[in-house]
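In: here's my sequence, what's the structure:
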Amino acid sequence: MVLHSRVTALWCLIVVGLSNVHPGSPRQAVSGQQKHVECASLGDLQLTNARITEAVATPAPEKGPVTVPHCRVSGVIDKEIRFTELLPDRWNERLFAGGGGGFVGSVQNQAVASVNFGYATVGTDTGHEADGLDARWAFGNRERQINYGYLAIHRTAEIAKAVVKAYYGVDSRYAYFFGCSNGGRQALMEAQRFPGDFDGVVSCAPALDFTNIAASFVRNTQAVYPDPKALRASAISPDNLRLLESKVLDACDARDGVKDGVLDDPRECRFKIGDLPACPGDRDAADCVTGAERAAIQRIYSPTTSRGTTIYPGQPFGGEGQPGGWQPWITGMNASPETEGRPPSLQFVFGTEFFKYLALGRKDFDYATYDLSNWDKDTAAIAKDLNALDSDLTKFKARQGKLILAHGWADPALNPLSTIAYYEKVQARDPSIRDYVRLFMMPGVLHCAGGPGPDFVDWFSPIAEWVEHGHAPDRVIAQKRSADGRVLKARPLCPYPQRAVYDGKGSVTEAESFVCQAR
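Out: All right, here's what the predicted structure looks like:
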C-alpha cells in the first residue's frame, strides 16, 4: 500500500495523544539569566562526527508548546541522524531529551515542553526522513535499521551534552529522558544498552517487544480484515464497539467500588464474550452481534500464539468504544467519505510495514496469508535491534539510575500486560527493583493519553525528585482535564502492584479520597 498525505489524520491521532502526556513543571528553581556564548557562534562548533546546520536565537513564540526564549540548534550526526536542541536563556543546568513515536522519520521530541521550565531539550529523527507510518526507509539499509533501533538516541545524547557545554560553559548536572510508545521503547533501550546516558528515564506505554507487537498486529488484522481486497469492510463495526464497551462496564465497572466508566484492573473483569446478545437470524443490527462479529471480537481478546506458545497477550477489557480506542487502532474506520484514501487501521499499517521493510525485506508481503508459526525465524535478526526486553539493569542500577514505567490499562495499541511482564521479569532477577524502578498503571487511559481515565500526569517532577533528592515516587497524581484545561477529576497512581482504593467517604473526583493499597 502506498502511504500518502491522506494518512496524516491517522498519524495525528498518535501525535495529538502524545502531546497530552504532560511532563509537568519541575520543582528545581531556575536561576536568573545564565551566561552563555552567542547562539549563532554554535554554527562553528566542531563536533566529533557531527555538524551544526542551524543556530538561531529565538524569542518566546506566540503559540505552540514552547513559550520561552531560547537558542535553537539543529544539526546532523554521523551520516543522516538529524537533531534539534533547544537551549533556554534561563537554564536549570539540566538536559531532558525526548523520544519519538511510530517509525519517527522527522525530528520529534516528546519532552519539548521541558524547555519552558529551564531544561535544555533535544529530539531526533533517528536517522531517516519519512512519514511516521512509513517504513520504506528501512528496506535493505542496516545503518538506518540500527539507528532507529537503538543507536540514534545514544548518539544524540552525546552530541546534545557537548552542545550544552559549548553554549553554557559547563556540563549538565543531570540528564533525563522521556518517551511514550516507540519513545517508551527508546527509553528502555537507553537504560539497558547505554546506562550512562541518562540519570533518570521515564518510559510510558513502551513498544518494548517490537517484533511480538507486530505479530499481534498482523493477527488482529487477519481477524478484522480477512479479505485483503475488502479493506473498508471491518468485521467489527462501531456499533459492536459501543455495545461491547457498555456490556463490559455493566459487568465490571463497579468492582473497584466506584462506578465511573473506568476499570481499575481489567484482569479482574469476568465478562464473557458469550454474554453479548446474539442477532436473531444472524442478521446484523446495532444492539447485537452476529456469529462472525463475536468470533472476531473473541480473537482480539485472545493471546497471539505461535506453534502453541503465547507471544503476545490478548487485549484487556476496557476502552473499546472510546474515541482513539479500538476503532482507529484495531477494528478500522470502515467505508465513509471521511475515510476515503486512508489505511484501514493503525495496526494494519504498522504490522504490514514492519514485515515488508524491517523483518522480511519483501514488498509483496501478504498479511492475510502470513503463517505466524514462522514469526520467530522471520524476525530473529531485526529483533536484536528493536526489542528492548533485557531485564538485566545491573549497570543502570550501579550508576544510581532511576526508571519510571507507566502504561494505560485501556491501551488499544500496546498491551499493558506486556509492560507488567517486563517489570516482573526485572523483579525476578533483582528483588530490590523498587530501589530504582517503579511501575504505574493508569486505569481507563488509552495509548499514551485519552480515554475516560485521568491521563494528564507530571512525570518530570517525580523522576527529578527521585534522582536528585532520593524521594522515590510513592504516589503520583493523574488528572482528567477538559478541553479548556479545567480539572474534572484527579486520582493517585500507585506503584505496582499497589492500587488506588476509594475510602468510601470523600468525593470520587478528588485524589485525596483514594489511598494506595496492596492488591
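In: tell me the centre residue of this structure?
Out: residue 181 (1.9 Å; CA atoms, centre = their mean).
In: right, and that one touches residue 203 too?
Out: No: the criterion here is CB atoms under 8 Å, and residue 181 misses it with residue 203 at 10.0 Å. Backbone N, C-alpha and C define where each C-beta goes, glycine included.
In: mind checking how far residue 389 is from residue 188?
Out: 8 Å (CB to CB, to the nearest Å).
In: next one: residue 502
Out: 33 Å.
In: and the two? Which one has more around it.
Out: residue 188 (26 against 16; other CB atoms under 10 Å).
In: what count of nearby residues applies to the residue lying closest to the more buried one once chain neighbours are set aside?
Out: Take residue 188 and drop its neighbours on the chain: the residue closest to it by CB to CB, 6 or more residues apart in numbering is residue 388, 3.9 Å away. By other CB under 10 Å, 23 other residues sit near residue 388.
In: right, and residue 388 touches residue 183 too?
Out: No: using CB under 8 Å as the test, residue 388 is too far from residue 183 to be in contact (11.4 Å).
In: quick one: residues contacting the residue nearest to residue 188.
Out: Shown in contact with residue 388 (CB atoms under 8 Å, 6 or more residues apart in numbering): 150, 185, 188, 189, 192, 206, 208, 209, 210.
In: how about it, secondary structure?
Out: Here residue 388 is coil, with the state taken from DSSP: H, G, I helix; E, B strand; the rest coil.
In: got the phi/psi numbers for it?
Out: Dihedral pair for residue 388: phi -110, psi 60, per degrees, to the nearest 10.
In: ok, it to residue 403 distance?
Out: Residue 388 sits at a distance of 12 Å from residue 403 (criterion: CB to CB).
In: joint contacts of these two?
Out: Joint contacts of residue 388 and residue 403 (CB under 8 Å, 6+ apart) are residue 188.
In: what ranges do the helices span in the stretch 201-350 of the chain?
Out: 210-224, 238-252, 291-301, 326, 346-354 (DSSP state H, counting those that start in this stretch).
In: circling back: is it possible to get a markdown table of the contacts of residue 388 that adds pLDDT and distance to residue 142?
Out: Converted to a markdown table, the contacts of residue 388 look like this (pLDDT from 0 to 100; distance: CB to CB, whole Å):
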| residue | pLDDT | distance to residue 142 |
| --- | --- | --- |
| 150 | 98 | 13 |
| 185 | 98 | 19 |
| 188 | 98 | 22 |
| 189 | 98 | 17 |
| 192 | 98 | 21 |
| 206 | 98 | 24 |
| 208 | 98 | 22 |
| 209 | 97 | 21 |
| 210 | 98 | 16 |
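In: residue boundaries of the strands in the stretch 251-400 of the chain?
Out: Using DSSP state E, counting those that start in this stretch, the strands assigned to the stretch 251-400 of the chain run over residues 304-306, 309-312.
In: hey, which of those strands is tucked in deepest?
Out: When the strands of the stretch 251-400 of the chain are scored by mean count of other CB atoms under 10 Å, the highest mean neighbour count falls to strand 304-306 (a mean of 19).
In: other SSEs contacting it?
Out: Counting contacts by 3 or more CB pairs under 8 Å, 6 or more residues apart in numbering; DSSP states H and E, strand 304-306 packs against helix 210-224, strand 309-312.
In: can we see that at 6 Å?
Out: helix 210-224 (3 or more CB pairs under 6 Å, 6 or more residues apart in numbering; DSSP states H and E).
In: output the helix it packs on as CSV - backbone C-alpha positions only.
Out: What follows is helix 210-224 as a C-alpha-only set of coordinates in CSV (Å, rounded to 0.1, in the frame of the first residue of the first chain):
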residue,chain,number,x,y,z
PHE,A,210,8.5,-4.8,19.0
THR,A,211,8.5,-8.0,16.9
ASN,A,212,5.9,-9.6,19.1
ILE,A,213,3.7,-6.5,18.8
ALA,A,214,4.0,-6.6,15.0
ALA,A,215,2.9,-10.2,15.0
SER,A,216,-0.1,-9.4,17.1
PHE,A,217,-1.0,-6.5,14.7
VAL,A,218,-1.0,-8.9,11.8
ARG,A,219,-3.0,-11.5,13.7
ASN,A,220,-5.6,-8.8,14.6
THR,A,221,-5.7,-7.5,11.0
GLN,A,222,-6.4,-11.1,9.8
ALA,A,223,-9.3,-11.3,12.3
VAL,A,224,-10.8,-7.9,11.3
